[in-house]
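Trainee: Generate a structure from the sequence data that follows.
(chains A and B)
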Amino acid sequence: MTALLLAVAGIAGCKETVDPNEPVGFIQVKGSDTIVNAAQEVAEEFMKDYPHVFVAVTGGGSGVGIASLINKTCNVATASREMKAKEVEVALKHGVTPKEFTVAYDGVAVIVNKDNPVDKLTIEDLHKIYTGKVKNWKEFGGKDLGIVTISREVSSGTHMYFKEEVVQLGKKGSPEEFSSETLLLSSSQAIVEEVAGNEGAIGYLGMGYTSERTKSLLVAKDGTGYPPNVENVKQKKYPLSRGLYFYTNGEPNGVTKLFIDFTMGPKGQERFRNTGFVPTGEHIVEKN
Amino acid sequence: MSKRINEFVIEGCIKLSGLVVILFVASIFLFLLKDALSLFGVHSPLDFLFGKSWLPISEPPKFGMIPLLLGSLYVTLGAIVICVPLGVCSAMFIAEVAPTYLKNILKSLVEILAAIPSVVLGFIGIVWLGPFLRNTFGLSTGMCGLTGSLLLAFMALPTVISISEDALIGVPKAFKEAAYGLGATRWQTLWRIVLPAASSGIIAAVMLGIGRVIGETMVVMMVTGNSPVMPKSLLQPLRTLTATIAGEMGETVAGSEHYFALFAVGLILFIITFIINFIADICLRKARR
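Mentor: Predicted structure coming up:
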């Protein structure tokens, strides 16, 4: 009996002793595929500083993150769009008070095949293309070739952002929809793959995901077109710029608060810069 | 006496397992039905069953499942047209023509075919088959129904081959012997005697193949483009029932209209596969008699 007790004590003794002041816990971060890589890097950096906190980062789309915040299956929801009023309403009904943190800024790049001679499009042009009003590249000075429009799935925050800004031209409640022939692909990688191989294709994705194999268009609101890059997003010249957000249920506490503070702090912001986003100096903005 | 008790216990256990399976199926059905019917409290069933546009995140949302149903049917039909002749002929070759060593090789190859994960096939579809079809047929995009049909045909082949082969082997030897005795050639025997005699088994194989194809999700989600259009041909992008559920389920809040709509789609899918498996079962029973 004594031997058994000793053995148990021995096993327990082998375990690393955790300083009682050391934070311990588990954080589930879920949502935007645009943010998933940056969030993963922030999490890895965070876990170096707080080795007893485990942070799990998964993607799926902003809608997935927001839904799981409401379903209470994650601690932090990441989103590449703001929560819709209707979603906030549903959240409150489920006893969840979403609190928003703007963690970085991003540009939505519009990409075409490298053999496509078109270099610049206006928001209006993009609107015509994505609603199916114009179906041939020759209208924009390109080849006589059908346009294949590509989008992310409906769970994507980028899809929602693009729908509001381009398909509906920023008018709330506009009846315009993506043309039903638009391909809805489940990842940014699939979009790059299709655009790289298809001369008539056009797609969009977060600028951190642009690839050498496709060409990013200059996008113009009225007149001058700007390429999607950090500088133009920072100076708000690039028309398709947006915030990236973290949401928590109410005021974050415990390890979740540590993680949010870390993300907003210099180390976290540095990770966002490294993954191709624009860091923010802004502080917490209260939603509702 | 103890033997009797033993038997009683074992019999009881077997009976119980059977009942548990029935209970599972019934509760899945009831679960689907409950959530699917909740949709019709807030959304008109007619709009769901006959609506021609699927716009789940619009204001107000539209949940018309016709484009999705047609998408699934097109892809499935395409896959079956490709896979059945190929599968039945392979089964005929394996069962009746091939020498033993070749038969063994072919059988294990078919088993390997069944073991390829669907996500791998989907990947092949994206990087190779899609672009190949686009260039060959001059399509606007390779993300289309045909790419999905071809890959699904590939996935259904093992099912169709092995069940057809069983059916062909199950044909009584006396049939063949009688045919040869009457001076029929090998081909005549195979085509006119063995194949008709195995027909119910082969129909069952086809039905099970359809069941396999219509429920497949990963491949179609990766390669068919998922555009919720009313499909006119297999050469254009389309969206299937399964891809819709898989692609949208994650972002729905439990208890929302969209959530219930996806359950209703699931119910439709369940009913379709149930009917198909039921027909397959009837055919298999007929074949065994």
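
Trainee: Let me see the ranges of the strands in the stretch 101-250 of chain A.
Mentor: A:120-122, A:148-152, A:183-185, A:201-206, A:215-216, A:218-220, A:225-226, A:241-249 (DSSP state E, counting those that start in this stretch).

Trainee: neighbouring strands for the first one, and are they parallel or not?
Mentor: Strands adjacent to strand A:120-122 in the sheet, as given by DSSP bridges, are strand A:218-220 (parallel).

Trainee: now swap in the fifth one and tell me
Mentor: The partner list of strand A:215-216 in its sheet, established with DSSP bridges, is strand A:98-112 (antiparallel).

Trainee: Also the second one?
Mentor: Using DSSP bridges, the strands paired with strand A:148-152 are strand A:183-185 (parallel), strand A:201-206 (parallel).

Trainee: from the chain's centre, how far out does that strand sit?
Mentor: Centroid displacement of strand A:148-152 relative to its chain, using CA atoms, centre = their mean, to the nearest Å, is 17 Å.

Trainee: residues in the stretch 51-200 of chain B within reach of chain A, list them.
Mentor: Residues of the stretch 51-200 of chain B found near chain A (CB under 8 Å from any CB of the partner chain) are B:53, B:55-59, B:67, B:126-127, B:130-131, B:134, B:140-143. For glycine as for every other residue, the C-beta is placed from the backbone atoms N, C-alpha and C.

Trainee: again, only using 6 Å
Mentor: Contact residues, the stretch 51-200 of chain B versus chain A (CB under 6 Å from any CB of the partner chain): B:55-57, B:126, B:131, B:140-141, B:143.

Trainee: Which of those residues ranks first by neighbour count?
Mentor: residue B:143 (33 neighbours; other CB atoms under 10 Å in any protein chain shown).

Trainee: Give me the lowest-pLDDT entry from the residues of the stretch 51-200 of chain B next to chain A.
Mentor: When these are sorted by pLDDT, the bottom entry is residue B:57 at 84.

Trainee: Look at that residue and give its secondary structure.
Mentor: At residue B:57 the chain is in coil, as set by DSSP: H, G, I helix; E, B strand; the rest coil.

Trainee: I'd assumed residue A:154 was in contact with it.
Mentor: Yes. When contacts are counted by CB atoms under 6 Å, residue B:57 is listed as touching residue A:154 (5.0 Å).

Trainee: In a helix, residue A:255, correct?
Mentor: Yes. The assignment for residue A:255 (three-state DSSP) places it in a helix.

Trainee: distance of it from residue B:38?
Mentor: 37 Å (CB to CB, to the nearest Å).

Trainee: Those two: who's more crowded?
Mentor: Legend: neighbour count by other CB under 10 Å for residue A:255 and residue B:38, higher for residue A:255 (20 against 17).

Trainee: Quick check: the more buried one vs chain B, distance?
Mentor: 25 Å (CB to the nearest CB, to the nearest Å).

Trainee: Give me the nearest residue to residue A:102, chain neighbours excluded.
Mentor: Once flanking residues are discounted, residue A:102 sits nearest to residue A:243: 4.7 Å by CB to CB, 6 or more residues apart in numbering or on different chains.

Trainee: pLDDT score for that neighbour?
Mentor: 91.

Trainee: Next, count neighbours for it.
Mentor: Neighbours of residue A:243 under the rule other CB under 10 Å: 20.

Trainee: hang on, isn't it packed against residue A:103?
Mentor: No. Between residue A:243 and residue A:103 there is no contact under CB under 6 Å: 8.2 Å.

Trainee: Please name the bridge partners of the residue nearest to residue A:102.
Mentor: Applying DSSP bridges, one finds that residue A:243 bridges with residue A:105.

Trainee: who's in contact with the residue in chain A that chain B sits nearest to?
Mentor: Taking CB to the nearest CB, chain B has its nearest neighbour within chain A at residue A:63, 3.0 Å off. The contact partners of residue A:63, by CB atoms under 6 Å, 6 or more residues apart in numbering or on different chains, come to A:155, B:251.

Trainee: Phi and psi next, for it.
Mentor: Residue A:63 has phi and psi values of phi -60, psi -40 when expressed as degrees, to the nearest 10.

Trainee: Repeat that for residue A:27.
Mentor: Dihedral pair for residue A:27: phi -120, psi 130, per degrees, to the nearest 10.

Trainee: Please name the bridge partners of it.
Mentor: Going by DSSP bridges, residue A:27 forms beta bridges with residue A:55.

Trainee: where are the low-confidence patches of chain A?
Mentor: Residues of chain A that meet the criterion pLDDT under 70 lie in A:1-18, A:281-288.

Trainee: At the contact with chain B, which residues of it appear?
Mentor: For chain A, the contact set with chain B under CB under 6 Å from any CB comprises A:60-61, A:63-64, A:67, A:70-71, A:90, A:146, A:148, A:153-155, A:177, A:180-184, A:193, A:197-198, A:200.

Trainee: quick one on the thing from earlier: quick one: closest of the strands of the stretch 101-250 of chain A to residue B:73.
Mentor: strand A:183-185 (19.3 Å; CB to CB).

Trainee: Residue B:131 and residue A:199: what is the separation?
Mentor: Residue B:131 sits 11 Å away from residue A:199, going by CB to CB.

Trainee: burial count for residue 72?
Mentor: Assuming you mean chain A. 12.

Trainee: Sorry, I should have been clearer: chain B.
Mentor: Residues near residue B:72, counting by other CB under 10 Å: 29.

Trainee: what about it, is that helix, strand or coil?
Mentor: On the three-state scheme (three-state DSSP), residue B:72 is labelled helix.

Trainee: how near is it to chain A?
Mentor: From residue B:72 across to chain A, the span is 16 Å (CB to the nearest CB).

Trainee: So that residue is in contact with residue B:239, correct?
Mentor: No. Under the criterion of CB under 6 Å, residue B:72 makes no contact with residue B:239, lying 8.8 Å away.

Trainee: Common neighbours of the two, please.
Mentor: Between them, residue B:72 and residue B:239 share no contacting residue, judged by CB under 6 Å, 6+ apart.
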